[in-house]
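A.B. asks: the sequence and its predicted three-dimensional model are supplied below.
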Amino acid sequence: GAVVSQHPSWVICKSGTSVKIECRSLDFQATTMFWYRQFPKQSLMLMATSNEGSKATYEQGVEKDKFLINHASLTLSTLTVTSAHPEDSSFYICSARGQGAPYNSPLHFGNGTRLTVT
Amino acid sequence: AQSVAQPEDQVNVAEGNPLTVKCTYSVSGNPYLFWYVQYPNRGLQFLLKYITGDNLVKGSYGFEAEFNKSQTSFHLKKPSALVSDSALYFCAVRLPMNYGGSQGNLIFGKGTKLSVKP
């Protein structure tokens, strides 16, 4: 159980275009989803926290107008990279907390999306 | 500032030998501690967690970790390494509930690449 599906697994786009990444909890409802970004050989950096039905909370230094997050239902959160540039190329990973899950329960991660902007 | 340190970028071990991947943390209060493993171009898989109680925690795939409060460490161990254990390992902490506005996200170390040779 507790499967998080992230789509697409990889995407190549041209500079200036927008890309949408989906994160779905398949067998549980997720009130909170976290979006992370991972640079090569580096750790995961939290970008934002999304709660179903409310605005996302962005970490300091993350441009909310560039990285649009929508958490419209208890099973789906989306991250849209708007007007992508080569420096946005990275590995993006989502994770989810189950509704009603104890606070000390582990997060469930998607398999990530490799974004390459040319 | 809350932080997690993994002092080794890479750990090399011969198959069959014991392995240790080090982690120390600097977090106020009593944090929850986690270990995750990441295979290339994949998301993170949960290995084990420490919440409270016995300092030696057993997890998936034969891994275990020892919590040491006085040394603020949570080293990952396995008695006998396998080639298939080769991957990137992340130590992470979750702040206590509502501490600093935490919604349960994880703070990650920079990761340690484990290489197990036949």
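C.D. replies: Cool, got the structure.
A.B. asks: which residue does chain B bring closest to chain A?
C.D. replies: The minimum distance from chain B to chain A, using C-beta to the nearest C-beta, falls at B:Gly43 (3.8 Å). Just so you know, the C-beta spots here come from the backbone N, C-alpha and C atoms, and that holds for glycine as well.
A.B. asks: what residues does chain B have near chain A?
C.D. replies: By C-beta under 8 Å from any C-beta of the partner chain, the part of chain B that sits against chain A consists of B:32, B:34, B:36, B:41-46, B:49, B:51, B:90, B:94, B:97, B:103-111.
A.B. asks: the residue of chain B closest to chain A contacts A:Ile93, correct?
C.D. replies: Yes. Counting by C-beta atoms under 8 Å, A:Ile93 is a contact partner of B:Gly43 at 5.5 Å.
A.B. asks: now for the two: what residues contact both?
C.D. replies: Common neighbours of B:Gly43 and A:Ile93 are listed as A:6, A:109-112 (criterion: C-beta atoms under 8 Å, 6 or more residues apart in numbering or on different chains).
A.B. asks: so what's A:Phe67 bridging to?
C.D. replies: A:Phe67 forms beta bridges with A:Val81, as assigned by DSSP bridges.
A.B. asks: also A:Ser50?
C.D. replies: Here A:Ser50, judged by DSSP bridges, has bridge partners A:Met33.
A.B. asks: packing partners of the worst-scoring helix or strand of chain B on mean pLDDT?
C.D. replies: Scoring the helices and strands of chain B by mean pLDDT, DSSP states H and E places strand B:106-108 at the bottom, with a mean of 89. Under the contact criterion of 3 or more C-beta pairs under 8 Å, 6 or more residues apart in numbering or on different chains; DSSP states H and E, strand B:106-108 touches strand A:44-51, strand B:3-5, strand B:87-94.
A.B. asks: out of these, which is the most enclosed?
C.D. replies: Of all the helices and strands packed on strand B:106-108, strand B:87-94 has the most neighbours on average by mean count of other C-beta atoms under 10 Å in any protein chain shown, namely a mean of 24.
A.B. asks: list the neighbouring strands of that strand plus their orientation.
C.D. replies: Counting by DSSP bridges, the strands paired with strand B:87-94 are strand B:32-38 (antiparallel), strand B:106-108 (antiparallel), strand B:112-117 (antiparallel).
A.B. asks: quick one: contacts for B:Leu56?
C.D. replies: Applying C-beta under 8 Å, 6+ apart, we find B:Leu56 in contact with B:64-67.
A.B. asks: next: A:Phe28.
C.D. replies: By C-beta under 8 Å, 6+ apart, the contact list for A:Phe28 reads A:1-2, A:96, A:98-99, A:108.
A.B. asks: cool, thanks, talk later.
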